[in-house]
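Asks: build me a model:
(2 chains)
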Amino acid sequence: MKALLLISLLTLDLYAADGCKIEVEKNQFQDVEALGKHLEWHGADNSQMQKAACKTLATPSLEEMRSFLNKFTSKTKGTASQNVYGVSLEKESPAMIDLFKKLTTAKDGFGFFEEKENQKNFQKEFSINPECKKVDCAVTKIWGEEQGIKMLYILAKHNFNTSEYAFSNSDRLKSDELDDILMAMEDLPKHLIPVGATNQRFTHFSRGYKLKNQSDRVAANAVVMLFDTWSNEPRFERQYSAFHEISHNIGSRLGRLDESPGWLKLSGWVKKGDDWSKGDKACFFTQYSMGNPFEDFAESLSTYRYNPKDFKKKCPEKYNFIKEKVFKGIEYTSNQTCSELPLQKLQDAADQLIPEIEKEIAKLTIDPALIKEKCQGTLTTYPVDETVAGECEAELIKGQLNKLDPEAMKAVLVKNGLTGDTNKMERAISALAETIQTRGLSPELSGQLRASVLKASDNYFNDIIQAALPKKTDKSDGLVGVRNLDFQLSTSCRVEHWKGEAAVKKCLSDYIIKDDKTWSQFGSKTLSNSMAFPEGMSKESKEALREKYYAELEKALLESDLLSAKVSAAKEEVRKQAKDYFKRTEYNFYKEKDWKKMEPADFCKKLYNTPDDYYRKYVFVSSSEEIPGFQTWCEQRQGEKKKRFQFSEDDLNEWLKQAL
Amino acid sequence: MMKTLAIVLALIGSVYGSESWKAQVYKTFPKPLQKLIPGKTSQKDVEKNLGKASLVEKNKQYYELDQLKYALEVTYNNQVVKEFSYTYTQNQPDFSEFKMDPKLLSPDEGTRFLKYSDKEIDLLVDLASKKIYSVRVKK
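Replies: Numbering: from 1, shown residues only, chains lettered A, B, ... in the order given. Coordinates of the predicted model:
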């Protein structure tokens, strides 16, 4: 039976490639976001994608896309009439007819040859004629106006064909999916467009299916096929994935740049047969980029586009290679550097808006709440320096720009030859805000704003620290560092009692911080890990904030009563142990001959100086020194009488009171 | 020289069938590689044709070509070529030159290529350029 089961399981895999598919188990890897974060799969997370410089946050309007299509098709002169799969197109631009044919011609999965057996008759299916004899309305009838025009636009501008009718084993893209694809494409700089090879596939694979032997984790491939895993990703991750696949095509399009000697050398890539190995000192930003030079290239481009600052810091050589060879010097470290808007025009527009903005800025109360609202995206670097404060100021200025009359704002942008396109408005406003910030408000207001931002930012981070300081130190929270304080008090910190309460607290504080540092790196539930780190904060900034936290934690532990109860209880225990020690050692001492005749100094030295070194060290000190403070007190007391006398319990209590 | 090549190509044709697309692929290799026939070519002859390998590891020899480490891997069995893998560093042939059924291709996970594999030959095709990227000849 077992053999039969095994055979039947094995035979599930015996299908050919793209032409056949196997059913996907549902609910596998639904939480793709969590998986990606855990493995550092992507070079930028959702937060970083959202605030990436010059990020396309909306698709072009229908008007803008039609305008593009008009310009595109006007390059081919004249009109033509043609029947395309039953649809009669009359007096239409030949270029538009060509686009329509591409969207509707059934081909194999890779677009090599036509599959006449799968060819649909679109007239029969969608009854396009007689009312409609143009491509614009034909695509509207098939896909709806929004989707149809977007598909034409993507094909014309980017050479990618998103039609489910054009490639076998494709399903229709949903509206938001198409938008994510388009926004990823629009994130490319002009000189790289179009990236796709002529009429290249960019479709959703049949939903509920995947390719044979394909891992469930595969979201997409460079053909380009998008799978259900991709659809289940959050929007910005989908855009990242789409951009990653586009980047593979860039590698090919730029003369095999992703396997050029220059690129291979950066990571020491060596090919042996079918396998690639990398150099020991190679720099990689994500785990995914470590597989082969092609993934390395695609991931590096995606990280360059969406998380450039961290990438530049970590892998400067790769960053510079991509900057020079792929992006031709365009950087995405700020909206100004990538806006492709002329700087002089931005400055002219900024000068016109500054008086209005200054009035709005002067009204602001810059407190941690406002900082959290407006600058949470920028305040991911700690400590807050002038650059980070500047970014936050730009966000505040942008916030005030958005409060100005939109028509008036648009008028200023258009007047200065920037843009009136809604798609690019957001980018223009971001670039404008940065220009205003760098150009400067009036010196007085500028100084005030900077000081307020720095102070409020400091308070913002301070609030994060304060919220994470412990309110108690018992075991109930289960937090690492405060779990084992009783044990520490009875072991490594016990001898500190003889130095005073402050010393005990310092010992405990050092232990708590050391334990926290050890376990935090593993993501354990530690005090410092309970800080609400801003999303997108780099490791370096987190560590810097953590160090500040430790300083505040130490202060709280030493100066407050957090540890007092525990320390007092432990001190009582030490007192009991000290008394117990006295009893044990006195027993034999006072039996000795002539102890009453001893000199005080000698008496005191020998009284508790037993061979039982181990226990004395345990109770009093961590070395073989004398019992702290005892000799002086003992000599003074014994010196009060001519003959030596046995210390009573009250005497010892008196000594313990001053010693502990 | 030409006579030798003709004999070799005839040999290859006899292995794959003279009209086979696999035989056509062979013709796109640099001339020295066209003499590599799995199961027939000796290690001595390989070294005579290609020179000393850039790297030797156990029963494999690696050759660096056009700055690609290593564009050629030759595997031996008892000092006779068992199989070899070649990555085109230049003059990549167009996939359309071969009468191969594209339905047999599938995406190569983790790269930008399409792949074909059988007992005799593995092929990687760059979909964007529709050119052959690499070939592994096994038989």
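Asks: pretty sure A:P60 sits against A:E186.
Replies: Yes - checked against C-beta atoms under 8 Å, the pair A:P60 and A:E186 is within contact range at 7.4 Å. From N, CA and C alone the C-beta is placed, and that goes for glycine too.
Asks: low-confidence regions, the stretch 1-150 of chain A specifically.
Replies: Low-confidence segments of the stretch 1-150 of chain A, defined by pLDDT under 70: A:1-41.
Asks: mind checking what secondary structure A:D136 has?
Replies: helix (DSSP: H, G, I helix; E, B strand; the rest coil).
Asks: next, residue 52: secondary structure please.
Replies: Looking at chain A here, since you left the chain open. With three-state DSSP as the criterion, A:A52 reads coil.
Asks: the intended chain is chain B.
Replies: B:K52 - assigned by three-state DSSP - is coil.
Asks: where does A:Y209 land on pLDDT?
Replies: Looking at A:Y209, its pLDDT reads 92.
Asks: report the beta-bridge partners for it.
Replies: Beta-bridge pairing of A:Y209 under DSSP bridges involves A:E23.
Asks: can I assume it is in contact with A:N169?
Replies: Yes - at 7.3 Å, A:Y209 and A:N169 qualify as touching, with contact defined as C-beta under 8 Å.
Asks: A:G86: neighbour count?
Replies: Residues lying near A:G86 (other C-beta atoms under 10 Å in any protein chain shown) number 16.
Asks: need the contact list for it.
Replies: A:G86 sits next to A:121-124 when contact means C-beta atoms under 8 Å, 6 or more residues apart in numbering or on different chains.
Asks: check contacts around the spatially closest residue to it that is not a sequence neighbour.
Replies: Leaving aside its chain neighbours, A:G86 sits nearest to A:Q123 (3.1 Å; criterion: C-beta to C-beta, 6 or more residues apart in numbering or on different chains). Counting by C-beta under 8 Å, 6+ apart, A:Q123 touches A:85-88, A:129.
Asks: got JSON lines for the residues you listed, with secondary structure and distance to A:E640 too?
Replies: Below are the contacts of A:Q123 laid out as JSON lines (DSSP: H, G, I helix; E, B strand; the rest coil; distance: C-beta to C-beta, whole Å):
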{"residue": "A:Y85", "secondary structure": "coil", "distance to A:E640": "119"}
{"residue": "A:G86", "secondary structure": "coil", "distance to A:E640": "122"}
{"residue": "A:V87", "secondary structure": "strand", "distance to A:E640": "120"}
{"residue": "A:S88", "secondary structure": "strand", "distance to A:E640": "125"}
{"residue": "A:N129", "secondary structure": "coil", "distance to A:E640": "123"}
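Asks: scan those residues and report the most crowded one.
Replies: Each of the contacts of A:Q123 was scored for neighbours by other C-beta under 10 Å, and A:V87 scores highest at 24 neighbours.
Asks: confidence score at the closest residue in space to A:C315 that isn't next to it in sequence?
Replies: The shortest distance from A:C315 to any non-neighbouring residue, by C-beta to C-beta, 6+ apart, is to A:C283 (3.9 Å). Here, the pLDDT recorded for A:C283 equals 91.
Asks: which residues touch A:C283?
Replies: Contacts for A:C283 (C-beta under 8 Å, 6+ apart) come out as A:266-267, A:314-315, A:317-318.
Asks: please report phi then psi for it.
Replies: A:C283 adopts backbone torsions of phi -100, psi 120, taken as degrees, to the nearest 10.
Asks: if I look at it, how far off is chain B?
Replies: 19 Å (C-beta to the nearest C-beta, to the nearest Å).
Asks: low-confidence stretches in chain B?
Replies: For chain B, the stretches with pLDDT under 70 are B:1-19.
Asks: that one against chain A: which residues are in contact?
Replies: For chain B, the contact set with chain A under C-beta under 8 Å from any C-beta of the partner chain comprises B:57, B:60, B:62, B:67-71, B:73, B:75, B:85, B:87, B:95, B:102-107, B:109-112, B:114, B:122, B:126-130, B:136.
Asks: PyMOL command for the buried members of those?
Replies: To isolate the buried members of the residues of chain B next to chain A in PyMOL, using 16 or more other C-beta atoms under 10 Å in any protein chain shown:
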select buried, chain B and resi 60+62+68+69+70+71+73+75+85+87+95+102+103+104+105+106+107+110+111+112+114+122+126+127+128+129+130+136
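Asks: okay, and which of the residues of chain B next to chain A map to strands?
Replies: B:57, B:60, B:62, B:68-71, B:73, B:75, B:85, B:87, B:106-107, B:114, B:122, B:126, B:136 (DSSP state E).
Asks: quick check: A:S206 touching A:S170?
Replies: Yes - A:S206 is within contact range of A:S170, at 6.8 Å (criterion: C-beta under 8 Å).
Asks: B:K35 against B:L50, yeah?
Replies: No - applying C-beta under 8 Å, one finds B:K35 not in contact with B:L50, separated by 9.1 Å.
Asks: the two: who's more crowded?
Replies: B:K35 (22 against 18).
Asks: please state the backbone phi and psi of the more buried one?
Replies: Dihedral angles for B:K35 - degrees, to the nearest 10 - are phi -90, psi 0.
Asks: next one: B:I37
Replies: Note on B:I37: backbone dihedrals following degrees, to the nearest 10 are phi -120, psi 120.
Asks: from A:K548, how far out is A:A451?
Replies: Distance of A:A451 to A:K548, computed by C-beta to C-beta, to the nearest Å: 20 Å.
Asks: more neighbours: which of these two?
Replies: Just comparing A:A451 and A:K548: by other C-beta under 10 Å the higher neighbour count belongs to A:K548, 17 against 12.
Asks: helix or strand right after the strand or helix carrying A:A362?
Replies: Assigned by DSSP states H and E, A:A362 belongs to helix A:343-363. Using DSSP H and E, the helix or strand that follows helix A:343-363 in sequence is helix A:368-375.
Asks: next, count neighbours for the residue in the stretch 401-550 of chain A positioned nearest to chain B.
Replies: When distances are taken as C-beta to the nearest C-beta, the stretch 401-550 of chain A reaches nearest to chain B at A:K539, 26.8 Å away. Neighbourhood size, A:K539 [other C-beta under 10 Å]: 9.
Asks: what residue of chain B is the furthest out?
Replies: In chain B, the residue that sits farthest from the middle, by C-alpha atoms, centre = their mean, is B:G110; the gap is 21.9 Å.
Asks: distance of that one from B:Y88?
Replies: 20 Å.
Asks: same check, this time on B:K131
Replies: Separation of B:K131 from B:Y88 (C-beta to C-beta): 8 Å.
Asks: got it, and A:Q636?
Replies: Taken as C-beta to C-beta, the span from A:Q636 to B:Y88 is 97 Å.
Asks: so between these two, which is more surrounded?
Replies: Between A:Q636 and B:Y88, B:Y88 has the larger neighbour count (other C-beta under 10 Å), namely 22 against 11.
Asks: hmm, that one is touching B:Y133, no?
Replies: Yes - using C-beta under 8 Å, B:Y88 is in contact with B:Y133, at 6.5 Å.
Asks: in the helix holding A:A362, which residues are buried?
Replies: A:345-350, A:353-354, A:356-358, A:361.
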